[in-house]
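Peer 1: model this:
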Amino acid sequence: MLALALILVTYVVGSIPTGYWLAKAKGIDITKLGSGSTGATNVWRCVGKKEGVLVMILDVLKGYLPVFATIQLDKGAQALEWTFFGMPHLIPVVVATVAIVGHSKSIFLGFKGGKSAATGMGTMIAFCPMLGIYTFGTFLALVFSTRLVSLASLSAAFVNVIFMWWLKNPEAYVLYAVIGCLYVWLRHVSNIKRLLAGTEPRLGDKPKELTTSESVNVEK
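Peer 2: Residues are numbered from 1 along each chain as shown. Below you'll find the model as predicted:
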């Protein structure tokens, strides 16, 4: 029951649409501007830099706090013991997965949301704090050099897999790094297409207003 409660609470926490609510408080419907995403990048473009940074911090915490709490409980709580083919530590992995799914499939927004990059980063840091240096370093280096946040997010997700394994973390954590990377890449399919076509907006570009058709299809 404890494990189930953690999973349900994590989904609700992950679903909190920080970007949408912050923008709405300023009279802006973020789902109808820019990329239509409720994540930090679109908030930065459409609302402001300070708001974008705040949303990123909050979204990272949405991933970090539930996973960190679960890992602490997993160290001693018998109720959290759950193995699969002899692989321990699976409850924290399930909680982390639920956190990133909750962010992108929010119960408060009709199962729409962001692209889970920041929340995913938070879960990774909870699993392995040292990973935050490599992940955030990769992210910042690419953002400053290319101004392509999507490219930075995709690259950081891939770096997570490499260093989660290289730093000799438990197999379950490495498995999650792979799952998280694939999920973030799946959420960025439209960005990947634009990157390949050379049409991906850069940080600082003026946001466009989405048409009704684009607003409906923004999650696809």
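Peer 1: Determine the set of other helices and strands touching the helix or strand harbouring Gln72.
Peer 2: In this assignment (DSSP states H and E), Gln72 forms part of helix 49-74. Packed against helix 49-74, as judged by 3 or more C-beta pairs under 8 Å, 6 or more residues apart in numbering; DSSP states H and E, are the following elements: helix 2-15, helix 18-25, helix 40-46, helix 90-104, helix 117-127. For the C-beta atoms, the positions are set from N, CA and C on the backbone; glycine is no exception.
Peer 1: Next, the angle helix 117-127 makes with it.
Peer 2: Taking axes from the mean of the first three to the mean of the last three C-alpha atoms, to 10 degrees, helix 49-74 and helix 117-127 form an angle of 40 degrees between their directions.
Peer 1: The residue nearest to Val178 when sequence neighbours are not counted: what's it in contact with?
Peer 2: Setting aside the residues directly before and after it, Val178 is nearest to Val161 in space (C-beta to C-beta, 6 or more residues apart in numbering), at 5.6 Å. Listed by C-beta atoms under 8 Å, 6 or more residues apart in numbering, the contact set of Val161 reads 174, 177-178, 181.
Peer 1: So what's the gap between the one helix or strand Val161 maps to and the chain middle?
Peer 2: Under the criterion DSSP H and E, the helix or strand holding Val161 is helix 149-166. Centroid displacement of helix 149-166 relative to its chain, using C-alpha atoms, centre = their mean, to the nearest Å, is 12 Å.
Peer 1: can I have that helix written out in CSV, keeping just the CAs?
Peer 2: Included here for helix 149-166 are C-alpha records, laid out as CSV according to Å, rounded to 0.1, in the frame of the first residue of the first chain:
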residue,chain,number,x,y,z
VAL,A,149,17.1,24.0,-26.1
SER,A,150,15.6,20.9,-27.7
LEU,A,151,19.0,19.7,-28.9
ALA,A,152,20.4,20.4,-25.4
SER,A,153,17.6,18.4,-23.8
LEU,A,154,18.0,15.5,-26.1
SER,A,155,21.7,15.4,-25.6
ALA,A,156,21.5,15.6,-21.8
ALA,A,157,19.0,12.7,-21.8
PHE,A,158,21.5,10.6,-23.8
VAL,A,159,24.4,11.6,-21.5
ASN,A,160,22.3,10.4,-18.6
VAL,A,161,22.4,6.9,-19.9
ILE,A,162,26.1,6.9,-20.4
PHE,A,163,27.1,8.3,-17.1
MET,A,164,24.5,6.4,-15.1
TRP,A,165,26.2,3.2,-16.3
TRP,A,166,29.7,4.6,-16.1
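Peer 1: Export the contacts of Val161 as a markdown table, with columns for pLDDT.
Peer 2: Compiled in a markdown table, those are given as follows (pLDDT from 0 to 100):
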| residue | pLDDT |
| --- | --- |
| Val174 | 94 |
| Ala177 | 95 |
| Val178 | 97 |
| Cys181 | 96 |
